[in-house]
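A.B. asks: curious how this folds, go ahead:
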Amino acid sequence: MNFFISSPLEQFEIITILPISFFGLNISLTNSFFFMFLTLFLTLFWISLTFFRSSVVPSYWQLLKENLYLVTVSIIQDSLGKKGEIYFPFIFSLHLFLLFCNLIGMVPYSFTVSSHIIFTFTLALTIFIGINIIGLKTHGLMFFSLFLPRGVPLFIVPLLITIEFLSYIVKVFTLSIRLFANMTSGHTLLKIIAGFAWTMLTAGGILAIFHVIPLVLLLALIGLELAIAALQAYVFTLLTCIYLNDVLDLH
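C.D. replies: Presented below is the predicted three-dimensional model:
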């Protein structure tokens, strides 16, 4: 009996759900857009569960939301201090959106939006541009002193500016690649282990008995991947605050 084993990378394929063309421009509805919209909807719905019914003795939903709120507050306080309070709505929205993106991607037959470099890079680039606009608005032309520390000998100024500028630009890639690589590698590993367990089960005989071993490993990896999903949302948010602090204080 022949069994079809799909590629572990097949789960990351962007599929057109509703083809739409406007004056030759392809604006089709894809699974990536659908799950991004679903993430936004579920995020707003989850917040609304206790938004209008907060109580002194919190419910489970309210307690969960307050804990996530406190985690985001601690990130801002540790990285930005009091000057970061004005940016809390954006930071909290970013943290919550990425968390739901990663967790929804753990549902079988769903789509992990954050597993695509185009999404993570666009998000990181948008944040990077916004941070630089904030830096220019706060410090004016003094913002460019970020690339030239004081007391540097004149003959190494061109080299130092080049190094500082490149290391500054690299932040966009480190921010985007970290999230993309972790989500892609984790989901790929889960797919491989699940396919291996299914192959052993369908092979019959003694192999069908020992399929329990990769199955137990799969359950352990699912728990680990859930922790990584939450951790990567936390790290992305933390690094955003750190980069924002750099332009506010000109470190």
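A.B. asks: okay, CA-based contacts and neighbour counts for the rest of this
C.D. replies: Will do.
A.B. asks: what residue of this protein is the furthest out?
C.D. replies: G205 (42.7 Å; Cα atoms, centre = their mean).
A.B. asks: mind pulling up the pLDDT for it?
C.D. replies: Here, the pLDDT recorded for G205 equals 74.
A.B. asks: kindly report the same for the one 4 residues further on.
C.D. replies: Note for I209: predicted pLDDT of 78.
A.B. asks: what sits closest to it if chain neighbours are left out?
C.D. replies: L201 (7.3 Å; Cα to Cα, 6 or more residues apart in numbering).
A.B. asks: I'd assumed that neighbour was in a strand, is it?
C.D. replies: No: checked against DSSP: H, G, I helix; E, B strand; the rest coil, L201 lies outside a strand; its state is helix.
A.B. asks: any idea how far it lies from A194?
C.D. replies: Going from L201 to A194 by Cα to Cα, to the nearest Å gives 11 Å.
A.B. asks: for T112, same thing?
C.D. replies: 17 Å.
A.B. asks: more neighbours: which of these two?
C.D. replies: Between T112 and A194, counting by other Cα atoms under 10 Å, T112 is the more crowded of the two (24 against 18).
A.B. asks: tell me the contacts of the closest residue to that one other than its chain neighbours?
C.D. replies: The shortest distance from T112 to any non-neighbouring residue, by Cα to Cα, 6+ apart, is to G105 (4.0 Å). Each residue near G105 by Cα atoms under 8 Å, 6 or more residues apart in numbering is listed here: 111-113.
A.B. asks: please identify which of the residues you listed is nearest to F88.
C.D. replies: Proximity of the contacts of G105 to F88, judged by Cα to Cα, is greatest for V113, which lies at 23.8 Å.
A.B. asks: I figured the closest one was touching M36, is that so?
C.D. replies: Yes: counting by Cα atoms under 8 Å, M36 is a contact partner of V113 at 6.5 Å.
A.B. asks: could you measure from the residue farthest from the centre of the chain over to T199?
C.D. replies: Note on G205: its distance to T199, by Cα to Cα, is 12 Å.
A.B. asks: same check, this time on F33
C.D. replies: F33 is 33 Å from T199, by Cα to Cα.
A.B. asks: do L231 as well
C.D. replies: 32 Å.
A.B. asks: repeat for E66
C.D. replies: Taken as Cα to Cα, the span from E66 to T199 is 44 Å.
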